[in-house]
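Visitor: Just need the structure, nothing else, for what follows:
(chains A, B and C, ligands or ions: 2)
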Amino acid sequence: MKEVAYYPGCSLKDTAKGFEDSAIQVSSDLGVRLKEIDRWNCCGTVYSLTDDNLMKQLGPIRNMIRARDEGFDQLYTLCSMCDNTLKRSNYLIQNDDDKRDKINNFMDQENDYSGEIEVKHYLQLLRDELGWERVREQVSNPLEGINVAPYYGCMLTRPKEIGLADPHNPTVFDELIESLGGTPVDFPYESECCGSYNTVDNQEVVLEKTRTITGGATRSGADLIITACPLCQFNLDTRQAELLKATPNHDPVPVIYFTQLMAVAFDRPRVNKFEEHAIDPRKVLKIENKVASKR
Amino acid sequence: MNEKTEVETVEIFIMGKRYEVPKGLTIMKAMEYSGYQYVRGVGCRGGFCGACATIYRLEGDYKLHTDLACQTTVQDGMYLTQLPFTPAGREQYDLEELEVDNNPLLDLYPELARCVSCNTCSKSCPQDLEVMDFVNEAIRGNIKEVAELSFDCIQCGLCAARCPAEIPHHHVAQLARRIYGRYQAPESEHLEKRVKEIANGQFDDELEELVNLPKEELEERYENREIEE
Amino acid sequence: MRTGKLKSNEEPKEDPYPESMRESIKKVEQTREERIGKEVDRMNPDEREQVLNKYHPDYREEGMRGLDAGPNQGDQMPLELADLLEAYPAVDPSEVDLTKVDYEVDVLVIGGGGAGTVAALWAIKEGIDPSDILIATKLRHGDANSMMAQGGIQAADREVDSPKAHFLDIVGGGHFANKPELARALAKDAPGILKWHEDLGVMYDKNEDGSMKTLHGGGTSRKRLHSAKDYTGMELMRAIRDEARNQEINVEEFSPAVELLTDSDGTVTGALLYNMETEQYYVVRAKSIVMATGGFGRLHIQEFPTTNHYGATADGLVMSYRAGANLLDMDSVQYHPTGAAFPEQIVGLLVTEKVRGSGAIPVNRDGEAFVFNLEPRDVEAGALIRECYGRDMGVETPTGMKGVWLDTPMIDMIHGEGTFEENLAYIYRLYTRFGIDPTEDPLLVFPTLHYQNGGIEIDDEGRTAVEGLFAGGEVEGGVHGKNRLMGNSLLDYNVFGKRAGISAAKRAKETELGDLTLEHARRYIEELEKAGVDEERRSPMLIPEYRGEEALSRSIDII
Ligand SMILES: Cc1cc2nc3c(=O)[nH]c(=O)nc-3n(C[C@H](O)[C@H](O)[C@H](O)COP(=O)(O)OP(=O)(O)OC[C@H]3O[C@@H](n4cnc5c(N)ncnc54)[C@H](O)[C@@H]3O)c2cc1C
Ligand code: FES
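Guide: Ligands and ions are numbered 1, 2, ... in the order given. The predicted structure is shown next:
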């Protein structure tokens, strides 16, 4: 079995457990072991744009150092926020000599790092390393007739230096959905921000974003939305529950992780922890009465 | 002025003031040698209590070192001071009422989320613990890992004094250990059983007999007692 | 499992041992292989008697004298202690104003170590409001011998064990001088104490099924020693202290008690505290008082180094004795067989018995084993002294100290690599800090002053002979007779801290606050005068004097 170094990040160990469990399951079906690196720390959640505060870069860079010191040269992520932060810090250290020296000087307990690790998102593993054909081979429960809205959010594709797809017209989710036997729907808000951390102290903003994005998806005929971001998933899912209270005629649409969708197509629905979702996706995925998988 | 002795000495600076002390003393003994009598800044004198947290620099070295005065040998050119106290907020809690499934660590100490993984805490730990690692485990709610990684913590507070995110690591760790011990460590059945037996008076008679035995007979019982291999 | 990891020191170190010691180590290495798995015979009662008589410091007549004043007149005890007991009160009774009371509480606990904190917690369980309790302590809360215990705590909780077997070990180890009802309480309460600890979240070493990992200690007939790595005392003390903080018990730090206060009947009604930082006194009025000031290692009896914390200076004995408490077994002092003898920086610090319990044995300078590794402490200590001074088979350090080797590399050889670092993290850290790796090289050890076997006489409810005064922990006597077994004093502070706390609470609920006088101190001063005691001698000591001679010789008091 192929082994790749994997960086989970904090959310996947906590609120997004279904994301991690489904990813580990489908990877193993695809013949890949996600080896969680032995030591890792929080990525810092948001890439720091303050130019003169390099302190915020230490966290993400230390994770690359850990992966390198464990003997890897690539590090895979799942959470799109972690992916974004790690990649951008890595980009910084690869391209800014002064800052690199400063950071290495400060982190005198670690061996110097200059960007040797290649940070990759799990979608890149699927698309570029394994290929869609390999994914297709594993599908035992094709998602026939299911319309899926690909939701990229802000983090996966931007900025272009580190994005994994064309920020104006990303297609990786579409390709994945097709490989799983489902139908990608064209959907205008695929890269719209979900409101992000406004969810903490400015919930109105997030509610409004949720209304726009989920409404856009249903109007485009989507049965569900997929994402790679725990914060987007949380916002769009839980805030819809609130929307429903305020506007009973809101048409709810489940929001799930792309790996959960894969798990359904691979007939491994039980790893998904769908019961924890605010908007239950089991009905639209036609796995409501599934007690055990065929496998 | 002084009688010259053979003892090799080193020059140290206690809070900036110069003293000459015999080589090979601990910082604590060197301060005493110099005439300081401790009230604060000393407890166990053996590396257990964390009362003697010390900060020092060496001449010509930009580094700020941290260690325990009772466990560190003085070096020539050492500029030192002890930290008599570290203010660090500790949260009150009721162990029996904690919602242990909802990451009580982050709940009681939300400042954990301010960690930027700069690792200053680990660098300042005189016990060489991986403090930053347990802070990260705490953020993730991995109580067992926090408990194990922090087990040797002597609560000196040096990490808390140095942390740019202002986390009271040692209090977080204490909380984690107690939660682990109370809720997650496997229960000891033989202990529970024995406690019940004692409560039921099961050993009362034989103990009563022993308590009243004349010394000679007690001695005999002792010498002939069975010894587990 | 990843545990708190120690960083290796990158720089190659020079040999921490001087040439002469290294040569002896080579001999130890040569005999190591054949010593593994071979036990030295235990001594028979006659041999034990002989070793003790000839080599144990307690049997050195020059080190002892009888008392001329107080309830224990005529009793023999170490000179250093006798001089403190027969000393004038540090506070002149005529200098303090007892009419201004700073604290009125139900229960005053003197000493914020293990026993004191446990007493306070159980007083709360007995119905006293935390705000009606005060713990007055000398250093910080928890700066105490209790924090330093390494090896473990005894409790007969395993199927093969029983309180009866525990009782026999206690009294046999104590040379049958124990008060039997105290020994019974110790054995019988033990499992319940461990259960209480578990409820407080103490992390004992366990197997995966939850059963306790236990070892033999010196003089135990069952594997009964429960541990938390070799930080057992710290793990207990910090959890218990944390609970006291949650309960919001008032703690006055750096404010030792310096004298008890009594009413005209001699009942203890309060205490004088002394703020060591501002040098002012506080008057406390209390319905019950628990004395929990611990031991006396810092008296350096017979010039021995000690394992004890800085505040172990017999203050509680001094104060209680003046108030009329009776002392037991003060002629017997515990020297721990294995104190560090090298390097100089850590001389006297403890190398826990768990090291011997895990298979390391003492060997002489030729690498020969000369004593069973787990004799009762006094016997083991006597045997080490005999080896060094009776048979001249010890190893000398550059400062002229003698010791024998404790062959620590045996532990990983017996139990597998990594065992030492995992289970004896403190010792590993203690020595590697000074460049010595105990898994590679043996450690030089010699007996060190460790424990006050005797103390204030109590009954099995923790009551002393003085009305209103209770005691628990190392300060009291009678529990261990003439020799305390390892793991029984952590237990002691829990069992008798608890019993004293409960009794104190019960009394507080039934009594009113009393009058405050220093009558008992005045009476004691008269006795001292009659006995012709040197006027300069003052006590309690509070803190030991370690200032350099040069500095002291020029010390003057003008501010
Ligand atoms: C290094 C070491 C290792 C040990 N290992 C073990 C072991 O493995 N197993 C075991 O069972 N036992 C062990 N012991 C013994 C055991 O730890 C102690 O006997 C026990 O903890 C004593 O508890 P205590 O509460 O009575 O005293 P302490 O814990 O010493 O507490 C007494 C407190 O009272 C304070 N105090 C003193 N004078 C005053 C005053 N005048 N006013 C106010 N406060 C005062 C002290 O500063 C201290 O805080 C060890 C002891 C040491 C020193
Ligand atoms: S005095 Fe306790 S750790 Fe140094």
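Visitor: For chain B, give me the ranges with low pLDDT.
Guide: The model of chain B has pLDDT under 70 over residues B:1-5.
Visitor: Specify the local secondary structure of the residue nearest the centre of it.
Guide: Central residue of chain B (CA atoms, centre = their mean): B:Ile154, 1.2 Å from the mean position. Following DSSP: H, G, I helix; E, B strand; the rest coil, we place B:Ile154 in the coil state.
Visitor: Pretty sure it sits against C:Met237.
Guide: No. In this structure B:Ile154 lies outside contact range of C:Met237 using CB atoms under 8 Å: 10.9 Å. From N, CA and C alone the C-beta is placed, and that goes for glycine too.
Visitor: so what's C:Thr262 bridging to?
Guide: C:Val268, C:Thr517 (DSSP bridges).
Visitor: Now for it, how many residues are close by?
Guide: 28 (other CB atoms under 10 Å in any protein chain shown).
Visitor: Help me confirm that it comes into contact with C:Leu272.
Guide: No. Look at C:Thr262 against C:Leu272 with CB under 8 Å: they stay out of range, at 11.5 Å.
Visitor: quick one: C:Gly357 and ligand 1, what's the gap?
Guide: 10 Å (CB to the nearest ligand atom, to the nearest Å).
Visitor: Revised request: answer the last question for C:Leu186.
Guide: In terms of CB to the nearest ligand atom, C:Leu186 sits 11 Å off from ligand 1.
Visitor: mind checking the SS state of the residue in the stretch 101-250 of chain A positioned nearest to ligand 2?
Guide: Nearest residue of the stretch 101-250 of chain A to ligand 2: A:Gln109, at 23.3 Å (CB to the nearest ligand atom). Following three-state DSSP, A:Gln109 is assigned to coil.
Visitor: so who does it touch?
Guide: With contact taken as CB atoms under 8 Å, 6 or more residues apart in numbering or on different chains, A:Gln109 is in contact with B:Asn119, B:Ser122, B:Lys123.
Visitor: Try it again at 7 Å.
Guide: B:Asn119, B:Lys123 (CB atoms under 7 Å, 6 or more residues apart in numbering or on different chains).
Visitor: List the contacts of the closest residue to the residue nearest to the centre of chain B other than its chain neighbours.
Guide: Excluding the flanking residues, the one nearest B:Ile154 by CB to CB, 6 or more residues apart in numbering or on different chains is B:Gly50, at 4.0 Å. Applying CB under 7 Å, 6+ apart, we find B:Gly50 in contact with B:Ile154, B:Gln155, B:Cys156, B:Gly157.
Visitor: again, but for A:Asn272
Guide: A:Asn272 touches A:Gly18, A:Ser22, A:Gln260, A:Ala263, counting by CB under 7 Å, 6+ apart.
Visitor: ok, and of the residues you listed, which contact ligand 2?
Guide: Contacts with ligand 2 are made by none of the contacts of A:Asn272, judged by CB under 6 Å from any ligand atom.
Visitor: Between which two of these is the distance greatest?
Guide: Farthest-apart pair in the contacts of A:Asn272 is A:Gly18 and A:Ala263; separation 9.0 Å (CB to CB).
Visitor: and the two? which has more neighbours close in?
Guide: A:Ala263 (27 against 23).
Visitor: Name the helix or strand for that one, please.
Guide: helix A:258-265 (DSSP states H and E).
Visitor: From the contact counts, what lies against that helix?
Guide: Contacts defined by 3 or more CB pairs under 7 Å, 6 or more residues apart in numbering or on different chains; DSSP states H and E place helix A:258-265 against helix A:17-29.
Visitor: can you pull out the helices in the stretch 151-300 of chain C?
Guide: Remark: helices assigned in the stretch 151-300 of chain C by DSSP state H, counting those that start in this stretch are C:163-173, C:180-200, C:232-246.
Visitor: Would you convert those into TSV that also reports mean pLDDT, distance to A:Ile256 and mean neighbour count?
Guide: TSV is the format used below for these (pLDDT from 0 to 100; distance: least, CB to CB, whole Å; neighbours: other CB atoms under 10 Å in any protein chain shown):
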stretch	mean pLDDT	distance to A:Ile256	mean neighbour count
helix C:163-173	97	59	25
helix C:180-200	98	42	23
helix C:232-246	98	42	24
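Visitor: right, so of these, which gets closest to ligand 2?
Guide: Of the helices of the stretch 151-300 of chain C, nearest to ligand 2 by CB to the nearest ligand atom is helix C:232-246, at 10.2 Å.
Visitor: Let me know the angle separating the closest one from helix C:180-200.
Guide: 70 degrees (axes from the mean of the first three to the mean of the last three CA atoms, to 10 degrees).
Visitor: Is the strand or helix carrying C:Ile427 in proximity to chain B?
Guide: For C:Ile427, the element it lies in under DSSP H and E is helix C:425-432. Yes. Against chain B, helix C:425-432 shows contacts by CB under 7 Å from any CB of the partner chain at C:Ala425, C:Arg429, C:Leu430.
Visitor: which other helices and strands contact the next helix or strand after that helix?
Guide: Counting by DSSP H and E, the next helix or strand C-terminal to helix C:425-432 is strand C:443-452. With contacts taken as 3+ CB pairs under 7 Å, 6+ apart, strand C:443-452 sits against strand C:333-340, helix C:377-385, strand C:402-406.
Visitor: Can you add mean pLDDT and give the ones you listed back as a markdown table?
Guide: Below are the helices and strands packed on strand C:443-452 laid out as a markdown table (pLDDT from 0 to 100):
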| stretch | mean pLDDT |
| --- | --- |
| strand C:333-340 | 96 |
| helix C:377-385 | 94 |
| strand C:402-406 | 97 |
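Visitor: Can you name the residues that contact the closest residue in space to C:Arg537 that isn't next to it in sequence?
Guide: Leaving aside its chain neighbours, C:Arg537 sits nearest to C:Ala87 (3.9 Å; criterion: CB to CB, 6+ apart). When contacts are counted by CB under 7 Å, 6+ apart, C:Ala87 is found next to C:Val533, C:Arg537, C:Arg538, C:Ser539.
Visitor: 6 Å instead?
Guide: C:Arg537, C:Arg538, C:Ser539 (CB atoms under 6 Å, 6 or more residues apart in numbering or on different chains).
Visitor: Could you check how far it is from C:Ala314?
Guide: Per CB to CB, to the nearest Å, C:Ala87 is found 11 Å from C:Ala314.
Visitor: same deal with C:Arg386?
Guide: 29 Å.
Visitor: Give the helix, strand or coil label for B:Ile55.
Guide: B:Ile55 ends up strand, using three-state DSSP.
Visitor: What is the neighbour count of it?
Guide: 17.
Visitor: That one bridge partners, please.
Guide: B:Thr66, B:Thr81.
Visitor: The closest residue to ligand 1 within the stretch 1-150 of chain A and B:Leu149, how far apart?
Guide: Proximity of the stretch 1-150 of chain A to ligand 1 (CB to the nearest ligand atom) peaks at A:Gln109, 32.0 Å away. According to CB to CB, A:Gln109 stands 17 Å off from B:Leu149.
Visitor: Now do the same contact list for the most centrally placed residue in chain A.
Guide: Centroid check for chain A by CA atoms, centre = their mean gives A:Ala228 as the closest residue, at 2.2 Å. Shown in contact with A:Ala228 (CB under 6 Å, 6+ apart): A:Ser80, A:Leu156, A:Phe258.
Visitor: Just give the nearest non-adjacent residue to it, would you?
Guide: A:Ser80 (4.4 Å).
Visitor: you'd agree the one you found is up against A:Cys229?
Guide: Yes. Between A:Ser80 and A:Cys229 there is a contact at 4.3 Å, judged by CB atoms under 6 Å.
Visitor: Contacts only, for the closest residue to C:Pro362 other than its chain neighbours.
Guide: Nearest non-adjacent residue to C:Pro362, counting by CB to CB, 6+ apart: C:Val404, 5.1 Å away. C:Val404 makes contacts with C:Pro362, C:Asn364, C:Leu384, C:Glu387, C:Gly394, as judged by CB under 6 Å, 6+ apart.
Visitor: can we see that at 7 Å?
Guide: Taking CB under 7 Å, 6+ apart, one finds C:Pro362, C:Val363, C:Asn364, C:Leu384, C:Glu387, C:Cys388, C:Gly394, C:Val395, C:Val445 in contact with C:Val404.
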